[in-house]
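K.L.:
generate coordinates for the sequence data below:
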Amino acid sequence: MADHKPSFIGDARENLTLLALLLTSACFLPAAHGADVAYATVLQRHAAKAESLELEFRLAIERAAERDERFDLYRTCDQLIGTWLQIESLETQLAAQPDEPTANATLRDQAQFARWQIDQAMSTLERGPSAPDCLDCLRLNATLRALFSDVGYTVDRLLVEQEMTSDEQ
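P.N.:
As a prediction, the model looks like this:
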């Protein structure tokens, strides 16, 4: 009986390609309205960092010798992809944001969910890699935590502004 081992590299390539497409599509979003332009711009800058980080993950997965290292890199990359999908959704909401109460509520809800997703990813990443000798794992984990921390700060500022705006209405 053949011993079937999942290909983390193949799965990672498919997911990383999806992430690259999502990050690239952010450049073609329409301009956001009002004060949301600043948040959309900051998120686009973070998207460029995430795209660069995605490439680093791809290279690290390909050169990882040990299965545990590949798994840690794949798992950490999955945190990037899953969380970044929510951040991309938030950026889309910012870009399409008409000035009406239901749209503001949708934006606020998406920002809250993106923040929750960031917190979940940070919690997982703070546990560190299960292969502590993997230098790429440690470096990319720390880099991703820093990116999520910066994005979380931006989302927090957006949420505060959304709360202030809803209080005025």
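K.L.:
so where is this protein shaky, pLDDT-wise?
P.N.:
1-35, 97-99, 166-169 (pLDDT under 70).
K.L.:
switch the cut-off to 50
P.N.:
1-9, 21-32 (pLDDT under 50).
K.L.:
quick test: name the residue nearest the centre of it.
P.N.:
The chain has Trp84 as the residue nearest its centroid, 2.3 Å off, counting by Cα atoms, centre = their mean.
K.L.:
and that residue, what element?
P.N.:
helix 67-95 (DSSP states H and E).
K.L.:
swap in Pro129?
P.N.:
Using DSSP H and E, Pro129 falls outside every helix and strand.
K.L.:
phi, psi for it please.
P.N.:
Taking degrees, to the nearest 10, you get phi -70, psi 150 for the backbone angles of Pro129.
K.L.:
so what's the residue count around it?
P.N.:
Applying other Cβ atoms under 10 Å, we find 20 residues neighbouring Pro129. All C-beta spots, glycine's among them, are computed from the backbone N, C-alpha and C.
K.L.:
one more: the one 4 residues further on?
P.N.:
Residues contacting Asp133 under the criterion other Cβ under 10 Å number 10.
K.L.:
and for Leu125?
P.N.:
Residues near Leu125, counting by other Cβ under 10 Å, number 20.
K.L.:
my guess is Asp119 contacts Val155, does it?
P.N.:
No - Asp119 is not in contact with Val155 according to Cβ atoms under 8 Å; the separation is 10.1 Å.
K.L.:
so what does the helix holding Trp84 touch, helix or strand wise?
P.N.:
Packing contacts for helix 67-95, counted by 3 or more Cβ pairs under 8 Å, 6 or more residues apart in numbering; DSSP states H and E, involve helix 8-25, helix 36-63, helix 101-126, helix 135-168.
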